[in-house]
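Colleague: Predicted model and sequence below, questions to follow.
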Amino acid sequence: MNSLSLIDNAHELKSAYYTSKTENKSSAKKGQYYFNQFEYDGATSADNTIVANEWMRNILTDEFKVPDEQLSVFHYGYDTESFLKRVDEKSDIQRPADKKVIIYTGRLNEFKGVHHLIGALMQLKEIRNDWVCWIVGDGPQEMELKIKSKAMGLETDVIFLGRRDDIPYLLSISDIFVLPTLMENQPLSVIEAQITGKAVIASDVGGVPEIIEHGITGVLTPVGDEKMLTIHIDYLLEHEPYMKNLGENAKKWGINHWSLDKGVQNVLGVYESAITKRKNK
């Protein structure tokens, strides 16, 4: 069994539940027991549970008391070849000739922290105007983020492209990918940015530090710190050779690390181990 989606949902559900039960400690306690038991049962119902990173392993063992021997840690595999084939698909979007392109791809909800990116871009505009930011995706905060962007004077600098099917192409013509997330497991958006050779700036939360080597294959920035995010973006814009080197390193690492064949072999190894254990019982 793979518990990747369960752990993220459990945290979000618990957060929402406690917010609604702040004045009822008894209900909150019952809710905590329920969510903890729900996660424990999900993670231990199979012979072996595959998790994507050490961050998730630690949550399951420390917070939900799942036995360590129950868990195997393997990063996802990803069909990099199919993704890169789509880079040349036709699109109606063109990059500006005189500006660098900053891009975010993903859901527009509170946990993704796009409001912090907009805040950082407001500060960046006070320093330089040789950039444009594309925000690609939709979600419950879309209108709120558009209003915030306009109120900060970024209406022509931050462009909301909505949900699109040409992500490989958009990444390929961009310069810097930013993920200002507040909570994350192993983001597919970072994987896609890496294999297209983009310089990545991402929050140092969850499993993200396990897939980005700071200063080598990308940049890790403190979660929620708009000032530092501004500094990091400004530095990459100012030092183009360094920015491009980050992207090249990320692509070399990503193409090898996210190999779908490697991912499949890892999972098959877990199945084989589980089958062997059952036979020997």
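Modeller: It's in.
Colleague: hey, let's count contacts and neighbours off CA atoms from now on
Modeller: Will do.
Colleague: hey, which helix or strand in this protein has the poorest pLDDT?
Modeller: Lowest mean confidence among the helices and strands of the chain (mean pLDDT, DSSP states H and E): helix 4-20, at a mean of 49.
Colleague: Show me which residues of stretch 257-274 are buried.
Modeller: Residues of stretch 257-274 classed as buried under the neighbour-count rule (16 or more other Cα atoms under 10 Å) are H257, W258, S259, L260, K262, G263, N266, V267, V270.
Colleague: for the stretch 151-281 of the chain, what spans make up the strands?
Modeller: Residue ranges of the strands in the stretch 151-281 of the chain, as given by DSSP state E, counting those that start in this stretch, are 158-162, 176-179, 199-203, 219-221.
Colleague: Same list, those strands, but as CSV with mean neighbour count and distance to F74 please.
Modeller: Output for the strands of the stretch 151-281 of the chain, formatted as CSV (neighbours: other Cα atoms under 10 Å; distance: least, Cα to Cα, whole Å):
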stretch, mean neighbour count, distance to F74
strand 158-162, 17, 32
strand 176-179, 26, 22
strand 199-203, 26, 21
strand 219-221, 23, 21
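Colleague: Distance to S189 added to these, as CSV?
Modeller: Written out in CSV, the entries for these read as follows (distance: least, Cα to Cα, whole Å):
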stretch, distance to S189
strand 158-162, 15
strand 176-179, 8
strand 199-203, 10
strand 219-221, 15
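Colleague: Now render the ones you listed as JSON lines, adding distance to K90 and mean pLDDT.
Modeller: What follows is those, written out as JSON lines (distance: least, Cα to Cα, whole Å; pLDDT from 0 to 100):
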{"stretch": "strand 158-162", "distance to K90": "16", "mean pLDDT": "97"}
{"stretch": "strand 176-179", "distance to K90": "21", "mean pLDDT": "98"}
{"stretch": "strand 199-203", "distance to K90": "23", "mean pLDDT": "98"}
{"stretch": "strand 219-221", "distance to K90": "31", "mean pLDDT": "98"}
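Colleague: For A43, find the nearest of those.
Modeller: Across these, the minimum distance to A43, taken as Cα to Cα, is reached by strand 199-203, at 26.8 Å.
Colleague: M243 against D234, yeah?
Modeller: No. In this structure M243 lies outside contact range of D234 using Cα atoms under 8 Å: 10.7 Å.
Colleague: The two: which is more packed in?
Modeller: M243 (23 against 18; other Cα atoms under 10 Å).
Colleague: Excluding chain neighbours, what is closest to that one?
Modeller: When the adjacent residues along the chain are set aside, M243 lies closest to L236, with 5.2 Å between them (Cα to Cα, 6 or more residues apart in numbering).
Colleague: same check, this time on L124
Modeller: With Cα to Cα, 6+ apart as the measure, T230 is the residue that lies nearest to L124, at 5.8 Å, once sequence neighbours are left out.
Colleague: ok, now Y242?
Modeller: Of all residues not flanking Y242 in the chain, L236 sits nearest, at 6.9 Å (Cα to Cα, 6+ apart).
Colleague: Please determine how far that neighbour is located from N280.
Modeller: With the distance defined as Cα to Cα, to the nearest Å, L236 ends up 56 Å from N280.
Colleague: For these two, indicate the residue with more neighbours.
Modeller: Legend: neighbour count by other Cα under 10 Å for L236 and N280, higher for L236 (20 against 6).
Colleague: hang on, that one packs against N245?
Modeller: No. Distance between L236 and N245: 10.4 Å, which falls outside the contact criterion (Cα under 8 Å).
Colleague: where does the stretch 151-281 of the chain have low pLDDT?
Modeller: Low-confidence segments of the stretch 151-281 of the chain, defined by pLDDT under 70, are located at 281.
Colleague: In it, what residue spans correspond to helices?
Modeller: Counting by DSSP state H, counting those that start in this stretch, the stretch 151-281 of the chain forms helices over residues 167-172, 188-195, 226-238, 240-257, 260-279, given from the N-terminal end onward.
Colleague: got the buried residues of stretch 257-274 as JSON lines, with distance to L60 columns?
Modeller: Rendered in JSON lines, the data for those read as follows (distance: Cα to Cα, whole Å):
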{"residue": "H257", "distance to L60": "24"}
{"residue": "W258", "distance to L60": "24"}
{"residue": "S259", "distance to L60": "26"}
{"residue": "L260", "distance to L60": "26"}
{"residue": "K262", "distance to L60": "25"}
{"residue": "G263", "distance to L60": "22"}
{"residue": "N266", "distance to L60": "20"}
{"residue": "V267", "distance to L60": "19"}
{"residue": "V270", "distance to L60": "18"}
